[in-house]
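Engineer: this is a predicted model, with the sequence first.
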Amino acid sequence: MAKRIPQTNPISIDALDIISYWGKVISAQRKLRGISLRDFAYRAHISLNTLQRIERGEHSVLASNYLNALAVLHVMDRVFKSQDESLLKTREDVLRNLPPKDNEEYF
């Protein structure tokens, strides 16, 4: 019988690049600190297999596992340099802050 290939949702190249970067950071930082795969998997509450998949940058691993590994290494703030508060604005927030129409700068 032929092996079934699971259908997956397409993932963008940009997302794949980010996930790959996270995996490389996790691998490099773990090695820099001299933490074994087994010990780090224990600290991050993930299986050894999952950690190996993370370090390979596999996109099928839950994002929460990547984020947890980054948090265990205390590098999340360096990976995510700043939180852009403007990304939290909703359409209503933007509309509330539009200048009045009688303003000369309004076109």
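Structural biologist: That came through, no problem.
Engineer: show me where pLDDT drops low in this structure?
Structural biologist: Residue ranges of the chain with pLDDT under 70: 1-8, 100-107.
Engineer: helices of that one, residue ranges please.
Structural biologist: The residue ranges that make up the helices of the chain, judged by DSSP state H, are 13-32, 37-44, 48-55, 63-72, 76-79, 91-96.
Engineer: how far does the third one sit from its chain's centre?
Structural biologist: Translated: helix 48-55. Relative to the mean C-alpha coordinate of its chain, helix 48-55 is positioned 15 Å out (C-alpha atoms, centre = their mean, to the nearest Å).
Engineer: give me every residue that touches residue 47.
Structural biologist: When contacts are counted by C-beta atoms under 8 Å, 6 or more residues apart in numbering, residue 47 touches residue 41. Heads up, the C-betas are built off the backbone N, CA and C, glycines and all.
Engineer: what's the distance between residue 46 and residue 76?
Structural biologist: The gap separating residue 46 from residue 76 is 16 Å, by C-beta to C-beta, to the nearest Å.
Engineer: who has more neighbours out of those two?
Structural biologist: It is residue 46, of residue 46 and residue 76, that has more neighbours when counted by other C-beta atoms under 10 Å, with 22 against 16.
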